[in-house]
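Undergrad: Provided below are the primary sequence and the corresponding predicted coordinates.
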Amino acid sequence: MANLKLKLLLAGITLFGRKKGLKDLYRLTAAAFGREIPALRGRSRGEMLRGYARFTRGEAEQSLARGTAPAVRKELYDRSLRLGRDIRGTLPVRSRSDAAAALHALYRTLDIDKQVDPQGRVTVRKCSFAACYTPEVCRFMSAMDQGIVAGLCGGRLVFSQRLTEGADACRAVITWPEGENE
């Protein structure tokens, strides 16, 4: 079970930081694509989230079509890695359980039900992006998931199935660093 201080901080993120966090994510992602963020003023969080899915889908499809996908995926990963490290630096993450709780709370702000157990098994049964993303776009954008996990957990995230490919859930495994306590 996650520590009390972490639980309180995560509750604050999910209650008060959802819209701000989404704006920050827009900025990070737009910069990785070399684009300006679209106008967000006056949009609800739900509208912003749906707009983010469409924005990232369009940019990913263009990158795949232009042949710039490897460079853009690396940029998405690198920026997400820094974000994950920044988040870990602000939260009292001391164990795998703490990291799992942090991931769950962060993804919940995106309407993604991401469950992570201390062994590193990841299950996503509901994802707000699944209806908008093609399998190719989902694989492309997973560079961000991999970066967040590497920065926050120090581990490597590998998917074995995805909702966008017709599976009943996304499944992945986090390979935790040696010596990381449960």
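TA: Received the coordinates, thanks. Numbers count the residues shown, from 1 in each chain.
Undergrad: average pLDDT for stretch 78-88?
TA: Stretch 78-88 comes out with an average pLDDT of 91.
Undergrad: show me where pLDDT drops low in the protein?
TA: Applying pLDDT under 70 to the predicted model, the residue ranges of the chain that meet it are 1-18, 179-182.
Undergrad: again, only using 50
TA: Scanning the chain with the threshold set as pLDDT under 50 gives 1-2, 14-16, 181.
Undergrad: Mind jotting down where the strands sit in the chain?
TA: Counting by DSSP state E, residue ranges of the strands within the chain are 112-116, 121-127, 156-161, 170-175.
Undergrad: How about residues contacting the longest one?
TA: Residues outside strand 121-127 that contact it (CB atoms under 8 Å, 6 or more residues apart in numbering): 107, 111-116, 157, 163, 168-174. From N, CA and C alone the C-beta is placed, and that goes for glycine too.
Undergrad: so what's Phe129 up against?
TA: So, once contact is read as CB under 8 Å, 6+ apart, Phe129 ends up touching Ala53, Thr56, Leu110, Ile112, Cys138, Met141.
Undergrad: Including distance to Asp24 and neighbour count, could those go into CSV?
TA: As requested, the contacts of Phe129 are exported to CSV (distance: CB to CB, whole Å; neighbours: other CB atoms under 10 Å):
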residue, distance to Asp24, neighbour count
Ala53, 16, 21
Thr56, 14, 24
Leu110, 12, 17
Ile112, 16, 20
Cys138, 22, 22
Met141, 17, 20
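Undergrad: just checking, which of those residues belong to helices?
TA: Helix and strand membership here follows DSSP state H; of those, those in helices are Ala53, Thr56, Cys138, Met141.
Undergrad: That concludes my questions; thank you for your assistance.
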